[in-house]
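Peer 1: Using only what follows, build the 3D model:
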Amino acid sequence: QVFSQHCPFLMGPIQGLADVVTPDTDIQVTLSIFELASAAGIPCEVDPALVTALAGSRTEGASPEEEYKVSCLLLVFVAVSLPLLAADPAALYSPELDGHTNNVHCLAKAIVQVAAALFTLHNKNIEGHLKEFLLVS
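Peer 2: The predicted structure is shown next:
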């Protein structure tokens with residue numbers, strides 16, 4: 001906010017770039033814009049640092065189709081694990097902590113961010129995969 005107040009001529013174009021990104025935009029262009037916006041403190045749909053970290057952890061010799069299948073299976077694993085996490089006694093809300101002992105309240109944000117990064121990396125439809133995740137869970 002302070003940066004926007006002191007340098008609106010700089011933040012305006014960056015915000016404008018971030019606003020024109022669509023799912024049809026080239027992946028490299030999207031990541032470049034999100035990296036710029038993220039560095040300026042503007043929240044983005046996809047975390048470019050997470051995409052870079054996941055891209056660096058690719059398995060050598062694995063085909064892109066195999067890695068895509070593993071990404072899909074990861075979401076299935078998380079979806080199947082949700083009832084077990086919800087039944088855990090540590091998942092009860094604690095007023096003293098203003099959250100849960102096992103931090104299960106952070107899970108939704110983590111799932112969305114990891115799924116967005118994974119499927120951006122594979123150049124797939126993020127929204128469609130998250131809808132499938134909700135159906136499975």
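Peer 1: okay, CA-based contacts and neighbour counts for the rest of this
Peer 2: OK.
Peer 1: Give me the pLDDT for the closest residue in space to Pro64 that isn't next to it in sequence.
Peer 2: Counting by C-alpha to C-alpha, 6 or more residues apart in numbering, Pro64 lies nearest to His122, which is 7.6 Å off, once chain neighbours are set aside. Looking at His122, its pLDDT stands at 88.
Peer 1: For His122, grab the count of nearby residues.
Peer 2: By other C-alpha atoms under 10 Å, 17 other residues sit near His122.
Peer 1: these two touch, right, it and Val70?
Peer 2: No: the pair His122 and Val70 does not pass the contact test of C-alpha atoms under 8 Å, sitting 11.2 Å apart.
Peer 1: any idea how far Thr52 is from the residue nearest to Pro64?
Peer 2: In this view, His122 and Thr52 are 12 Å apart by C-alpha to C-alpha, to the nearest Å.
Peer 1: How about Thr120?
Peer 2: From Thr120 across to Thr52, the span is 11 Å (C-alpha to C-alpha).
Peer 1: Which one of the two is surrounded by more residues?
Peer 2: Thr120 (21 against 13).
Peer 1: The more buried one against Ile126, yeah?
Peer 2: Yes: counting by C-alpha under 8 Å, Thr120 touches Ile126, with 7.1 Å between them.
Peer 1: Mind splitting this structure into its structural domains?
Peer 2: What the TED database lists as the domains of the chain is 1-44, 58-136.
Peer 1: Quickly, which of these bottoms out on average pLDDT?
Peer 2: Mean pLDDT is lowest for domain 1-44 among these, at a mean of 84.
Peer 1: gap between the residue nearest the centre of the chain and Cys44?
Peer 2: The residue lying closest to the centre of the chain (C-alpha atoms, centre = their mean) is Gln113, at 1.7 Å. Between Gln113 and Cys44 the distance is 10 Å, computed by C-alpha to C-alpha.
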